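Asks: please find the sequence and the predicted model below.
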Amino acid sequence: MKALLSAATLAAGLTVTSADAQLLQKLEDAVTGPPTQEQVAAARQEVQGAAAQALSALYAVVPGARRSIENAAGYAAFSTFGMKLMVAGGTSGKGLAVNQRTHAQTYMKMLQVQGGLGFGIDKSQLIFVFTNEQALANFINQGWEFGGQANVSAMAGGEGGMFSGAAAISPGVYLYQITETGLSATLTVSGTRFFVDADLN
């Protein structure tokens, strides 16, 4: 039921702001009940593990990305490989945004709006890298949305070659996509939205 409510909201073309996400969460909880503490703890652990796996997959194919991420203001890693999505099941994926300066962690949701489009979300890992804290704060507080034609080519490198294999999607924001065949040269993220997971924060 939660998945249907989320999908219906997004399919209607509504932009998911922080306030919208909170309102949607209250509606979902009214229908299905809020998750238990045990469910939240298990889901947090699952998301943390999946984010770590996404980073490991990136470092395996782009070893230089480790230094870039360690020196960045923050990152957000999303993965659905092997995820059961225990809380608010049916969403396309979950992830973790990390502020490297404060070590604050924010749990996020990733929803694919248009069926048949996008990046095969069940077979991809996405790693956002933020070179400044404002870009990271905007991602967390305002969410992120890729339009229906968001096909972006990865570049050879940015900021002195630090982000080889990543696509520059906004000032101070780079994105890597890992698929079953390795690092993707073209990011196909159409119809995808990212926003805070009110259940897990």
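Replies: Here it is on my side, so go on.

Asks: show me what contacts A72?
Replies: 100, 129-131 (CB atoms under 8 Å, 6 or more residues apart in numbering). Placement of C-beta: from N, CA and C, glycine included.

Asks: could those residues be laid out in a markdown table, adding distance to V47 and neighbour count?
Replies: Below are these laid out as a markdown table (distance: CB to CB, whole Å; neighbours: other CB atoms under 10 Å):
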| residue | distance to V47 | neighbour count |
| --- | --- | --- |
| Q100 | 18 | 16 |
| V129 | 18 | 26 |
| F130 | 18 | 26 |
| T131 | 24 | 20 |
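
Asks: surely L126 and T179 touch.
Replies: No: with contacts counted by CB atoms under 8 Å, L126 stays clear of T179, the gap being 10.2 Å.

Asks: and those two? which has more neighbours close in?
Replies: Neighbours were tallied for L126 and for T179 using other CB atoms under 10 Å; the higher tally belongs to L126 (25 against 14).

Asks: and the closest residue in space to that one that isn't next to it in sequence, how far from L96?
Replies: Leaving aside its sequence neighbours, L126 sits nearest to F78 (CB to CB, 6 or more residues apart in numbering; 4.5 Å). Separation of F78 from L96 (CB to CB, to the nearest Å): 8 Å.

Asks: overlap in contacts of those two?
Replies: Shared contacts of F78 and L96, counting by CB under 8 Å, 6+ apart, come down to 51, 108.

Asks: need the helices for this protein, in chain order.
Replies: Remark: helices assigned in the chain by DSSP state H are 2-11, 18-32, 37-61, 65-70, 133-142.

Asks: CA atoms only for the fourth one - export them in PDB, please.
Replies: It stands for helix 65-70. Backbone C-alpha positions of helix 65-70 (Å, rounded to 0.1, in the frame of the first residue of the first chain) are rendered in PDB as follows:
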ATOM      1  CA  ALA A  65      37.400   7.600  -6.700                       C
ATOM      2  CA  ARG A  66      38.200   6.600  -3.200                       C
ATOM      3  CA  ARG A  67      40.500   9.600  -2.700                       C
ATOM      4  CA  SER A  68      38.000  11.900  -4.500                       C
ATOM      5  CA  ILE A  69      35.200  10.900  -2.100                       C
ATOM      6  CA  GLU A  70      37.400  11.000   1.000                       C
END
